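Below: sequence and its predicted model.
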Amino acid sequence: MPDRANQLISEILRRVHEVIVEHDVTYEEYQAAKQWFIEVGEAGEWPLFADVYIEHVVEEQAFGNREGSQGTILGPFHLPDAPVLDAPFELPHRPDEPGDRTHVSGRVTGADGNPLADANLDIWQADAEGRYAGFMPGPPDGNLRGQVRTDADGRYEYITMIPGPYTIPLDGPTGKLTAAAGWSPWRPAHIHLIVSAEGYEPLVTQLFIDSSDYLDSDVASAVKPELIVHPQPRSDGEFEFSYDFALAPARTHAVA
Ligand code: MBD
Ligand code: FE
């Protein structure tokens, strides 16, 4: 492990040094960068910064060639231990929750198509105004967070609200860096899931709403075309869409 640490740390520093030389970075710029690092820590934005600007490459490197459904980044807003829902499987929300109500359904199978009974879907999302419960003012704790299990045929269904797009905080250091670079601070509307079943690799993924802005300019570079869903209006004024998840078999670990 010291070899690995030595290799990676040396290489990262070498590349930083190279940028300084190639772009003739000044003392003023160096001090501003140092101050920015301090502010990211003080604002508690390291998870946000890392997951927005770095995680997508780790995800692609780790899982790009995996069998089954596409995954994408976890992001900074998952919370463990969301309630396991009972029928009719509706994510908890306020009585006056804004937005369009939608019915989501589908199947969980193995990569070879065998249905997975009692698979778990751990679901979390922003509200229609792009706010995550537990991290932003607005929604109460636990809002739009819950877990559902598949039935004997591997089917699941749940009801939620179509989320709105999310912008990273504009006044924090991550937002300031994004503005300084001239980039868009938005993520398209998405629903996060971790789909898991005994004997299979957990699938960390997101479903992106087809009608959302920013699908082509996600600040977190996490959109994959296979993950875009198409909610359809129903006669009762609500929406529905379906999505099937296929899980890769658990990697067998060498016995120590
Ligand atoms: C999000 O909602 C998100 O999913 C990620 C990955 C980063 C920032 C905000
Ligand atoms: Fe998110």
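On my side now, so go ahead. Numbers count the residues shown, from 1 in each chain. Ligands and ions are numbered 1, 2, ... in the order given.

same question for stretch 129-137, mean pLDDT?
Taken as a whole, stretch 129-137 has a mean pLDDT of 96.

I meant to write stretch 78-90 there.
96.

what does this protein put close to ligand 1?
Proximity of the chain to ligand 1 (C-beta under 6 Å from any ligand atom) is limited to residues 48, 51-52, 73, 75-77, 166, 187, 220, 222. (C-beta placed from N, C-alpha, C; glycine too.)

ok, now which ones touch Lys176?
Trp36 (C-beta atoms under 8 Å, 6 or more residues apart in numbering).

So for it, what's the pLDDT?
Looking at Lys176, the pLDDT reads 98.

The one helix or strand Glu60 maps to - contacts with which helices or strands?
Under the criterion DSSP states H and E, the helix or strand holding Glu60 is helix 55-63. Judged by 3 or more C-beta pairs under 8 Å, 6 or more residues apart in numbering; DSSP states H and E, helix 55-63 has no packing partners among the helices and strands.

Return the set of buried residues in that helix.
55-56, 59-60, 63 (16 or more other C-beta atoms under 10 Å).

And stretch 119-135, by the same measure?
119-128, 130-133.

and if you look at stretch 214-229?
214-215, 218-224, 227-229.

Check what contacts stretch 109-116 and list those residues.
Contacts to stretch 109-116, defined as C-beta under 8 Å, 6+ apart, come from residues 67-68, 107-108, 150, 152-155, 197, 200, 244-249.

Please, a PyMOL command that selects the buried ones among those residues?
Of the contacts of stretch 109-116, the buried ones can be selected in PyMOL as follows, counting by 16+ other C-beta under 10 Å:
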select buried, resi 68+107+108+150+154+155+197+200+245+246+247+248
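
what pLDDT does Gln31 get?
98.

following the helix or strand hosting it, which helix or strand comes up?
Using DSSP H and E, Gln31 sits in helix 27-42. Next helix or strand after helix 27-42 toward the C-terminus (DSSP H and E): helix 46-53.

Point me to the residue of this structure nearest ligand 1.
Gly75 (2.6 Å; C-beta to the nearest ligand atom).

doesn't Leu193 make contact with that residue?
No - with contact defined as C-beta atoms under 8 Å, Gly75 does not reach Leu193; the gap is 11.6 Å.

Identify the contacts common to the two.
Common neighbours of Gly75 and Leu193 (C-beta under 8 Å, 6+ apart) are Gln206.

The two: which has the busier surroundings?
Leu193 (24 against 21; other C-beta atoms under 10 Å).

May I ask you to confirm that the more buried one belongs to a strand?
Yes - applying DSSP: H, G, I helix; E, B strand; the rest coil, one finds Leu193 inside a strand.

What strand or helix carries Asp236?
Using DSSP H and E, Asp236 falls outside every helix and strand.

just to revisit the earlier point, using TSV, please lay out the buried residues of helix 55-63 together with pLDDT.
Output for the buried residues of helix 55-63, formatted as TSV (pLDDT from 0 to 100):
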residue	pLDDT
Glu55	98
His56	98
Glu59	98
Glu60	98
Phe63	97
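
Helices of the stretch 51-200 of the chain, start to end?
55-63, 173-181 (DSSP state H, counting those that start in this stretch).

Who wins on neighbours among the residues of the chain next to ligand 1?
Neighbour counts for those (other C-beta under 10 Å) peak at Arg187, which has 27 neighbours.

so how far is Met161 from it?
Applying C-beta to C-beta, to the nearest Å, the value for Arg187 to Met161 is 17 Å.

same check, this time on Gly41
Gly41 is 34 Å from Met161, by C-beta to C-beta.
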